[in-house]
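Engineer: Provided below for reference: sequence and predicted model.
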Amino acid sequence: MQLYRDLDSLSTEIRSGALTIGNFDGVHLGHAKIAQQVRKRADEVGGPAVVFTFDPHPVRLLRPELAPPPLTWTRRKVELLGQLGIDAVIAYPTTPELLQLTPDEFFQQIIVQKMAAKAMVEGPNFNFGKDRAGDVQTLAALCQKNGIVLDIVEPLTRPGETEYVSSSRIRKLIAQGDVELACEMLTQPYRIRGMVTHGAGRGAHLGFATANLEAVDTLVPEMGVYAGMSYRGDEIYAAAINIGPNPTFGEKARKIEVHLIDFQGSLYGEPLEVSFLSRLREVTTFPDVEALKNQLDKDIQTTIQTFQNYQSKSSRSTA
Ligand SMILES: Cc1cc2nc3c(=O)[nH]c(=O)nc-3n(C[C@H](O)[C@H](O)[C@H](O)COP(=O)(O)O)c2cc1C
Ligand SMILES: Nc1ncnc2c1ncn2[C@@H]1O[C@H](COP(=O)(O)OP(=O)(O)O)[C@@H](O)[C@H]1O
């Protein structure tokens, strides 16, 4: 899997393939449906399967106050799209000049000249060019004129639901703490990353050392205690996560704390990734430290169980 950040250094392997343009934030099941069609068309035309995405999202430049926190950082998006059979991702720098291109100019300069696309795949609500003036009808006409195959893939709806799976819907679920339902709509459990910094130095004494995460650049779930996993390089640990203050100790600041089960050692200064499987409970004020420790014991047991269930479910689905 290749990540490109401009179109000048594009190797020829990136040209003449099947292309989709979009934000792909979170990489959910609807995105997977599009990626599958891109893969199929790429094989038919004998070229690469390519995702073209803007980095940062245009809304971040045009209306920063409206830009929601993203669900994925670029490298993670690339990783997830790679798992769906995509060969290359272009994370194109969003510049004011680029946003000035009319739909026609964008199509000619990017899709035809730079990418030489042979096939395109989009959803029905695709817009492109200055002021989002181009839509799927515009795109269909341009593709036809240039001999490019175009598929419009219907948005994915889960069985029994009417609202389709979307990044904004998943964003809402995570902001409310419903990481479990979000997980069912994503191709992988929701993940954040951060750097481990020093906290109050209490955790180890309690018998539950917690890595405090800072510099998280994507959406942080609602406050609460969660069961999940933590990734330290190639190592994976079951992890009990606390997002919130430490009211038992009179601390009001929101922290993101991760206890890695069966890990010993130092994590200070390291990057750490954490994913969320389920929300266990609210952050509570305990009458004393003993009561907190008893509850932490229970949280850890539930986390181990949740982790094991997840692992056996994912090994069944890949078997
Ligand atoms: C899984 C988990 C759940 C927690 N739940 C609570 C809680 O409900 N109430 C609370 O006051 N602190 C809770 N804590 C936070 C501990 O109070 C905190 O980890 C401890 O004070 C250590 O802080 P330090 O890392 O700054 O030293 C929780 C921590 C973990 C790992
Ligand atoms: N199982 C573990 N989970 C999380 N952190 C651990 C673990 N074992 C050791 N550590 C280390 O201990 C630190 C946390 O200890 P703690 O006493 O809670 O201090 P702090 O308040 O500085 O976070 C982590 O940042 C990490 O370097």
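Structural biologist: Great, that's in hand. Ligands and ions are numbered 1, 2, ... in the order given.
Engineer: low-confidence ranges in this structure?
Structural biologist: 9-10, 319 (pLDDT under 70).
Engineer: ok, which stretches of the chain are strands?
Structural biologist: Ranges of strands in the chain, per DSSP state E, are 2-4, 18-21, 49-55, 88-93, 119-122, 149-152, 190-197, 211-214, 224-232, 235-246, 251-260, 271-281.
Engineer: Of the ones you listed, flag the one that's most buried.
Structural biologist: Highest mean neighbour count of the strands of the chain: strand 18-21, a mean of 26 (counted as mean count of other Cβ atoms under 10 Å). C-beta coordinates here come from the backbone N, C-alpha and C atoms, glycine included.
Engineer: What are the contacting residues of that one?
Structural biologist: Residues outside strand 18-21 that contact it (Cβ atoms under 8 Å, 6 or more residues apart in numbering): 34-35, 38-42, 44-45, 47-53, 111, 115, 117-122, 126, 128.
Engineer: and with 7 Å instead?
Structural biologist: 34, 38, 41-42, 45, 47, 49-52, 111, 115, 117-122, 128 (Cβ atoms under 7 Å, 6 or more residues apart in numbering).
Engineer: And for the closest residue to Gly207 other than its chain neighbours, the neighbour number?
Structural biologist: Spatial nearest neighbour of Gly207, excluding adjacent residues (Cβ to Cβ, 6 or more residues apart in numbering): Lys293 at 6.7 Å. Per other Cβ atoms under 10 Å, the neighbour tally for Lys293 reads 13.
Engineer: near ligand 2, which residues of the chain?
Structural biologist: Contact residues (Cβ under 6 Å from any ligand atom) of the chain with ligand 2: 196, 198-204, 209-212, 259-260, 263-268.
Engineer: Could you list which of those residues belong to helices?
Structural biologist: Gly203, Ala204 (DSSP state H).
Engineer: Now do the contacts for the closest residue to ligand 1 within the chain.
Structural biologist: Residue nearest to ligand 1 within the chain: Gly199 (2.6 Å; Cβ to the nearest ligand atom). Counting by Cβ under 7 Å, 6+ apart, Gly199 touches Thr210, Asn212, Lys255.
Engineer: Take the residues you listed and lay them out in JSON lines including distance to ligand 1.
Structural biologist: Converted to JSON lines, those look like this (distance: Cβ to the nearest ligand atom, whole Å):
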{"residue": "Thr210", "distance to ligand 1": "4"}
{"residue": "Asn212", "distance to ligand 1": "5"}
{"residue": "Lys255", "distance to ligand 1": "7"}
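Engineer: and of those, the nearest to Gln305?
Structural biologist: Thr210 (20.0 Å; Cβ to Cβ).
Engineer: my guess is that closest one meets Gly203, correct?
Structural biologist: Yes. Under the criterion of Cβ atoms under 7 Å, Thr210 makes contact with Gly203 at 4.3 Å.
Engineer: If you count surrounding residues, which of the two has more?
Structural biologist: Set Thr210 next to Gly203 and count neighbours by other Cβ under 10 Å: Thr210 wins out with 25 against 18.
Engineer: dump the residue contacts of the more buried one.
Structural biologist: Each residue near Thr210 by Cβ under 7 Å, 6+ apart is listed here: Gly199, Gly203, Asn242, Glu257, Val258, His259.
Engineer: nearest residue to the third one other than its sequence neighbours?
Structural biologist: Put plainly, it is Asn242. Sequence neighbours aside, Glu257 is the residue nearest to Asn242 in space, at 4.5 Å (criterion: Cβ to Cβ, 6+ apart).
Engineer: In this structure that neighbour contacts Glu214, no?
Structural biologist: No. Counting by Cβ under 7 Å, Glu257 sits too far from Glu214 to count as a contact (11.0 Å).
Engineer: if we can go back for a sec, how far away is the residue of the chain closest to ligand 1 from Leu142?
Structural biologist: Relative to Leu142, Gly199 is positioned 55 Å away (Cβ to Cβ, to the nearest Å).
Engineer: do the same with Ala88
Structural biologist: Distance from Ala88 to Leu142, by Cβ to Cβ: 22 Å.
Engineer: Burial check on the nearest residue to Gly85 once chain neighbours are set aside, number of neighbours?
Structural biologist: Spatial nearest neighbour of Gly85, chain neighbours left out: Arg39 (4.1 Å); criterion: Cβ to Cβ, 6+ apart. Residues within reach of Arg39, counting by other Cβ under 10 Å, total 18.
Engineer: next one: Ala204
Structural biologist: Ala204: 9 neighbours (other Cβ under 10 Å).
Engineer: Report the beta-bridge partners for the closest residue to Met229 other than its chain neighbours.
Structural biologist: Nearest-residue entry for Met229: Ser275, 4.9 Å, with adjacent residues in sequence omitted and distances by Cβ to Cβ, 6+ apart. Counting by DSSP bridges, Ser275 is bridged to Arg191, Met229.
Engineer: Kind regards, and thank you for your time.
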